[in-house]
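>>> What follows is a predicted protein model with its sequence.
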Amino acid sequence: MIWTIETFPLLRFPSVSTVNIFRFRFFPAVFLCSIIFTLVACNIRPTPGVNAPPGATTQATQVTNATSAPDSTPTTIPPTAAPVPTRPTVHHTVDSIVIAGVGTPSHEITSLPEFIADGIFDSLLTVNPKDGSLAPGLAEQWLVSDDAKTFEFTLRQGVKWHDGQPLTTADVVFTLKSLSDPAIRIKPAADFGPIADVTAPDARTVRVTFREPYCAALTYIGGVKILPKHRMENKSLTDVVPEDLIGTGALVLQSWDDNALTFSSNTTYWNGAPQIVNWTYKIFPNERAALDALSQGQADLMVGTSAGPSIQDAVAPANEFYALAMNLTRKPFDDVRVRQAVAMGIDRAQLTQSIGADAQTLETSVLPSFWATPNVRQPEYDIAKARQLLSDAGWRDSDGDGILNKDGKPFQVSFWAEADDLHAELAAQILRAQLERIGVRAIIKLDDHILFLTRVFLQEYDLSLAHFKIPLDPDQHYFWASSENKPGYGLNVTGYTNARVDDALAVGNRVSKCNAPARKNVYAPVFQQLASDVPMVLLFAPPRIVNTSPQLQGIAPSSFAGPFWNLNTWELAP
């Protein structure tokens, strides 16, 4: 099987055909907290009680035993402060705003553009925009059983669909069952793990049971956009007609034609009606055209990878990482001393600075601000130590040309990067020069998006510049577990295997009650072992730039919740 890349801001959870987690221009969204790969990402609304708009409920998340007696003691996770908006709001209502979108939107329910999905739909849980932790959404609380096999969600009361019908447990059961049904051929395919059943034991409770413990599913299921059963039942989810795009979110779809979609404010939105009344999502052929429209006053906001001239912008690190992947199934990268030497030979700070001031150097495969980030560091930049390690491994400059040799062969390897990724092309050139300083000749080979991904997934490379979306759950077995080391099928594209890492990854998914602090402690040794074994050299998180008109106020893009998590509080100055 060859992996294909799809994006789905509506759905975010793990799946064998979900490659939005892996994007060498690739992975996250999350109708899931759009799964973790694309397999993972989570669409999120503001954290209740934290910079929340009028009408938001302030209630801490409770994690308790779903089957325990009423007197069992809950574990409370306090909310964390949200990112501060770019400018103070002035609290007045204006008529309209234009969002510049790139490319024709799909009519597939799990492939809607991020703005459309986030505006129309809500999820059971939201993501704290500051640290990626979970917070109440359509579910005002959730419970997890001691054995981590049962999740219960208590629905918020009084929530209505845009057509006035009440949100019910039947809608949630319908959504989860539909998206986990292998017969429904959505892109990417949904995979909720070892799910056994989804039921509604009473009018406000949804119970999800698994055949085995699977704590990561709390993030994936919690981030799924909930669909209206009364509009979607017995209809295709791969070609949804606009009149069925009914949600519980802040925006109500009014029209959809070839050039634009229009929305109105949901005046009864449970989390606070938007300050802006009318919204237009205008479609442009590419990012350059969208930026031009913004600079000419024809649009108010565009999310992209570059900033436009004379346009104000807000920046947050994308929840993604670039890394120098080494193929451990090929010599000389089967030798940990060689991999450690490569890591020590890379000046990651210089690399990040060259990529741009808004890029962020990484020490692990999670962002520094993530709630489960461990205190771990990559090998320090040290050319002398790198050369010594290579010498210990038998690599020496025997002919004086600066390139190391062993057994009569030079240390020369192929280095693959994606041709249409500007970050990758620049980074590859810098890395090539840095590797040469420690005696490694890396021959850069560029390929287009699909061919590059195919080569990497099939493990047909020596070095590659990988680009992955980061799951919103600390479980990263997709990248590192030996069970995922299946060329062409698994995401463990380096061929990395470590029994201790496998064991710890398994333990992380069966922590009692899926207690967050306990899970963080379980995963910390995993990240530490990865920093020692170095299957990849973690490099940087690229910036995600929200270009806006000077009049737009209240923008607070989040690495975890995205750029639209607080759209209902945005305002336009006169």
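Yes, it's here.
>>> Identify the structural domains in the protein and state their residue ranges.
Each domain of the chain is listed here as a residue range: 34-65+82-313+545-572, 320-541, per automatic domain parsing.
>>> would you turn those into TSV with mean pLDDT?
Below are the domains of the chain laid out as TSV (pLDDT from 0 to 100):
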stretch	mean pLDDT
domain 34-65+82-313+545-572	84
domain 320-541	96
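>>> Kindly present the ones you listed as JSON lines, with separate columns for mean neighbour count.
Backbone N, C-alpha and C define where each C-beta goes, glycine included. JSON lines is the format used below for these (neighbours: other CB atoms under 10 Å):
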{"stretch": "domain 34-65+82-313+545-572", "mean neighbour count": "20"}
{"stretch": "domain 320-541", "mean neighbour count": "20"}
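>>> by contact count, what packs against the helix or strand hosting P517?
Following DSSP states H and E, the helix or strand that holds P517 is helix 516-533. Contacts defined by 3 or more CB pairs under 8 Å, 6 or more residues apart in numbering; DSSP states H and E place helix 516-533 against helix 336-344, helix 499-508.
>>> possible to save these as TSV with distance to K385?
As requested, those are arranged in TSV below (distance: least, CB to CB, whole Å):
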stretch	distance to K385
helix 336-344	5
helix 499-508	25
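>>> Which of those helices sits closest to L389?
Of all these, helix 336-344 sits nearest to L389, with 3.9 Å by CB to CB.
>>> what does that closest one rub up against?
In this structure, residues lying in contact with helix 336-344 by CB atoms under 8 Å, 6 or more residues apart in numbering are 324, 326, 328, 332-333, 378-383, 385-387, 389-390, 392-393, 395, 435, 438, 440, 532-535, 537.
>>> Repeat that for stretch 368-375.
For stretch 368-375, the external contacting residues (CB under 8 Å, 6+ apart) are 80, 128, 130-133, 360, 362, 364, 366-367, 470, 474, 516, 519-520, 523-524, 527-528, 559-560.
>>> Wasn't G193 part of a helix?
No: using DSSP: H, G, I helix; E, B strand; the rest coil, the assignment for G193 is coil, not a helix.
>>> For it, which non-adjacent residue is closest in space?
Take G193 and drop its neighbours on the chain: the residue closest to it by CB to CB, 6 or more residues apart in numbering is Y214, 4.5 Å away.
>>> Leaving out the residues flanking it, which one is nearest to S558?
Taking CB to CB, 6+ apart as the measure, S558 lies nearest to P129, with 3.5 Å between them; neighbours along the chain are not counted.
>>> try P105
The spatially closest residue to P105, leaving aside those adjacent along the chain, is P113, at 5.2 Å (CB to CB, 6+ apart).
>>> In three-state terms, label the residue of the chain positioned farthest from its centre for me.
Note on the chain: the largest separation between a C-alpha and the mean C-alpha position, by CA atoms, centre = their mean, falls on D399 (47.3 Å). Three states are possible here, and by three-state DSSP the one that applies to D399 is coil.
>>> where's the nearest residue to S106 once chain neighbours are set aside relative to I120, distance?
Distances taken as CB to CB, 6+ apart put L112 closest to S106, at 6.5 Å, once the chain neighbours are dropped. The spacing between L112 and I120, counted by CB to CB, to the nearest Å, is 8 Å.
>>> again, but for G223
G223 sits at a distance of 15 Å from I120 (criterion: CB to CB).
>>> V338 too?
For V338, the distance to I120 - CB to CB - is 50 Å.
>>> For E363, see how far away the residue nearest to P105 is.
As for P113, its distance to E363 is 32 Å (criterion: CB to CB).
>>> got it, and S414?
Separation of S414 from E363 (CB to CB): 27 Å.
>>> before we move on, what about L505?
L505 is 19 Å from E363, by CB to CB.
>>> try L125
28 Å.
>>> and what of N375?
Spatial separation of N375 from E363 under the definition CB to CB is 9 Å.
>>> and what of A561?
Distance from A561 to E363, counting by CB to CB: 23 Å.
>>> cool, T352 as well?
Per CB to CB, T352 is found 12 Å from E363.
>>> Then A170?
According to CB to CB, A170 stands 45 Å off from E363.
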